[in-house]
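Colleague: here's a sequence, model it:
(one chain, ligands or ions: 2)
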Amino acid sequence: MQNLIKKLAKAYPELEIKAGDRFQFTPPNQLFYATDTEYSDAEAQLLLLHELGHYLIGETDYHTDIELLEIEAKAWAKAKDLCKKYGLEYNEDFAEDRLDSYRNYFHFTSLCKNCQLAGYQDDRGNYHCPLCNSTWKHEKIPH
Ligand SMILES: [Zn+2]
Ligand SMILES: [Zn+2]
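Modeller: Ligands and ions are numbered 1, 2, ... in the order given. Here you go, the predicted structure:
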């Protein structure tokens, strides 16, 4: 991990790469990595490259769950490219698991609390129930 961080610091001198509570890219130029985690070193390196992927694709704003999933998938695709570049092994299953956890979360939050029907999300991120007209939204989540 430290080796990768050194390489990235050299390749992207404009980035501040710092230890933090979680793996996260904070625009415009802060890249955080967590040290106290259950992840293996290989997984931690992948997560760091995923966050670097967020920086490189440059899209951080989203309104709907679908938009976030697209951004996530793109950042993982970038991480895959970066793995090749840095001679690391990409772990497809690990990336898919991460994407699945978003899908599950979104499925859960798309259900109306009143009648359990699947709501639809407008382009501002608000959910609407087609049956009882309830509206709700869920918290933006770190990605
Ligand atoms: Zn409802
Ligand atoms: Zn992400």
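Colleague: straight-line length of stretch 55-65, end to end?
Modeller: Using Cα to Cα, to the nearest Å, the end-to-end distance of stretch 55-65 comes to 19 Å.
Colleague: which other residues reach that stretch?
Modeller: The contact list for stretch 55-65 (Cβ atoms under 8 Å, 6 or more residues apart in numbering) reads 12, 15, 25, 27, 29, 31, 54, 68, 71, 74-75, 78, 102, 106, 109-110, 121-125. Every residue, glycine included, has its C-beta placed from N, CA and C.
Colleague: centre of the chain to it, how far?
Modeller: Distance of stretch 55-65 from the chain centroid (Cα atoms, centre = their mean, to the nearest Å) equals 9 Å.
Colleague: would you map the strands across the chain?
Modeller: In the chain, the strands defined using DSSP state E lie at 16-20, 24-26, 30-34, 120-121, 127-128, 135-136.
Colleague: what lines up beside the first one in the sheet?
Modeller: Strand 16-20 has the following sheet partners, assigned by DSSP bridges: strand 30-34 (parallel).
Colleague: interface residues of the protein facing ligand 1?
Modeller: Taking Cβ under 5 Å from the ion as the criterion, the neighbours of ligand 1 within the chain are 112, 114, 115, 129, 131, 132, 134.
Colleague: backbone dihedrals for the last one, please?
Modeller: Okay, so that is residue 134. The phi and psi torsions at residue 134 (degrees, to the nearest 10) take the values phi -60, psi 150.
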